[in-house]
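Undergrad: For reference, the sequence and a predicted model appear below.
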Amino acid sequence: MRIDQLLNKLCLFKTRSMAKKACDLNLVSINGKIAKASTIAQADDEVRYTVYNWRYTIKITDIPKGNVSKVTAPQYYELLKKKEVV
């Protein structure tokens, strides 16, 4: 699944266009490499992204097959680190 779609489906960004813009501004990386919006994310990938002056590092545990509710979204990823960016 595309990284911009995945970040949106997992409720990590409000909209897909916000996730795409973050990718365009080089604020998203997968396994240490800068990710374009069209980069395919897979299970066990480590994703780092910055939004609202916070830098998050997550590990994707599973890729959702369809739509995901806000309540069930955290079962698809594991939060590894959250750090404020000054």
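TA: Nice, I can see it.
Undergrad: Tell me where this protein has helices.
TA: 3-9, 16-24 (DSSP state H).
Undergrad: Show me what counts as buried in the longest one.
TA: What that stands for is helix 16-24. 16, 19-20, 22-23 (16 or more other CB atoms under 10 Å). (Each C-beta comes from the backbone N, C-alpha and C, glycine too.)
Undergrad: Quick one: mean pLDDT over it.
TA: The pLDDT scores in helix 16-24 average 96.
Undergrad: on contacts alone, who are the packing partners of it?
TA: helix 3-9, strand 46-51 (3 or more CB pairs under 8 Å, 6 or more residues apart in numbering; DSSP states H and E).
Undergrad: Can you say which of the ones you listed is nearest to Lys65?
TA: The closest of the helices and strands packed on helix 16-24 to Lys65 is helix 3-9. By CB to CB, the value is 10.2 Å.
Undergrad: what packs against the closest one?
TA: Packed next to helix 3-9, using 3+ CB pairs under 8 Å, 6+ apart, are helix 16-24, strand 28-30, strand 46-51.
Undergrad: can you redo these as JSON lines with distance to Leu80?
TA: Formatted as JSON lines, the helices and strands packed on helix 3-9 follow (distance: least, CB to CB, whole Å):
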{"stretch": "helix 16-24", "distance to Leu80": "18"}
{"stretch": "strand 28-30", "distance to Leu80": "13"}
{"stretch": "strand 46-51", "distance to Leu80": "7"}
